[in-house]
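Undergrad: task: produce atomic coordinates for the following.
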Amino acid sequence: MKYKVPTTVDVMKTTFCSGCGQGVVNRLIGEIMEELGTAEKLVVTTDVACGAMNVDFWNFDTIVGAHGRPLPTATAVKKVRPDCLSLAHLGDGAAYNIGMAETMHAAIRDDDVFALVLNNCVFAMTGGQTSATTMLGQKTKSSIQGRKVEVEGKPFHIENALSGMDIAYLARGSIESVPSIRKTKQYLKTAFEKHKNNEGFVLVEILTPCPTNWGMTPVESMKRIKEEVMVEYPVGEFINRGGGK
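TA: Alright, predicted model coming up:
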């Protein structure tokens, strides 16, 4: 089988660190948009963090929102342009720290918007500080002895926070291996199909590496996701209202 490069993503032009997972996720989005025939309808609101660099090589309409607040902007886009697909592209720090209130209230209201959260367990753009999803014992610029429950609290799990909420879809995937990438694409495609059908709030979290702030090689980072991160943050579908697609 011969894979084609999505015309919606310039895969030869990137400003991400070596081994960053953003490029893989971007390609998946590009592939799905072309498969669904919806590339012209997608409007992406990015955070001002690492994801903002996507504006250089995405061929989608893109807005750079305030730090941690892409969701309110994406929700507004969907309200004034109900015919479009409105994607909020965030990191774990933006979604679960700075923009935690916005994430929760979008879910509470069951807003017709798609939240895509790339979870690398740190604040990447600002230098690798502790985020809500930093794992216990993990050393960061602001937890130099490792995250401790008595100081920074326990890691945040979105599936626990949204458990029981009446939303359309919630899933977590990973990109540490080819099988995981294929499964993650299925989660993303299901979420996009639900969003296309105006079924309500959808959120997909993807476990991604950050070799720069983890102090690891790209290969070591992928190994860490498989052996440590996925143990703390299990992948799978957690909410699928109505089932199917």
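Undergrad: show me the contacts for the closest residue to residue 109 other than its chain neighbours.
TA: Closest residue to residue 109 apart from its sequence neighbours, by Cβ to Cβ, 6 or more residues apart in numbering: residue 201 at 7.5 Å. Using the backbone N, CA and C atoms, a C-beta is placed for each residue, glycine as well. Contacts for residue 201 (Cβ atoms under 8 Å, 6 or more residues apart in numbering) come out as 106, 107, 109, 110, 111, 112, 113, 115, 167, 168, 169.
Undergrad: which one of these is nearest to residue 235?
TA: Among the contacts of residue 201, residue 169 lies closest to residue 235 (Cβ to Cβ), at 14.4 Å.
Undergrad: for the closest one, give the beta-bridge partners.
TA: residue 202, residue 240 (DSSP bridges).
Undergrad: all helices for this protein, in order.
TA: 22-36, 70-80, 92-93, 100-108, 149-152, 158-161, 178-196, 211-214, 218-224, 230-232 (DSSP state H).
Undergrad: now residue 118, which residues is it bridged with?
TA: Applying DSSP bridges, one finds that residue 118 bridges with residue 91, residue 206.
Undergrad: how many other residues sit next to it?
TA: For residue 118, the count of nearby residues is 26 (other Cβ atoms under 10 Å).
Undergrad: could you double-check that it sits in contact with residue 206?
TA: Yes: in this structure, residue 118 is within contact of residue 206 by Cβ atoms under 8 Å, at 5.4 Å.
Undergrad: which neighbours do the two share?
TA: Common neighbours of residue 118 and residue 206, using Cβ under 8 Å, 6+ apart, are 21, 25.
Undergrad: look up how far residue 235 lies from the closest residue to residue 31 other than its chain neighbours.
TA: Ranked by Cβ to Cβ, 6+ apart and with sequence neighbours excluded, the top spatial neighbour of residue 31 is residue 6, at 5.3 Å. For residue 6, the distance to residue 235 equals 24 Å [Cβ to Cβ, to the nearest Å].
Undergrad: ok, now which ones touch residue 220?
TA: Residues in contact with residue 220 (Cβ under 8 Å, 6+ apart) are 211, 214.
Undergrad: any weak-confidence spans in the protein?
TA: 1-3, 11-13, 244-245 (pLDDT under 70).
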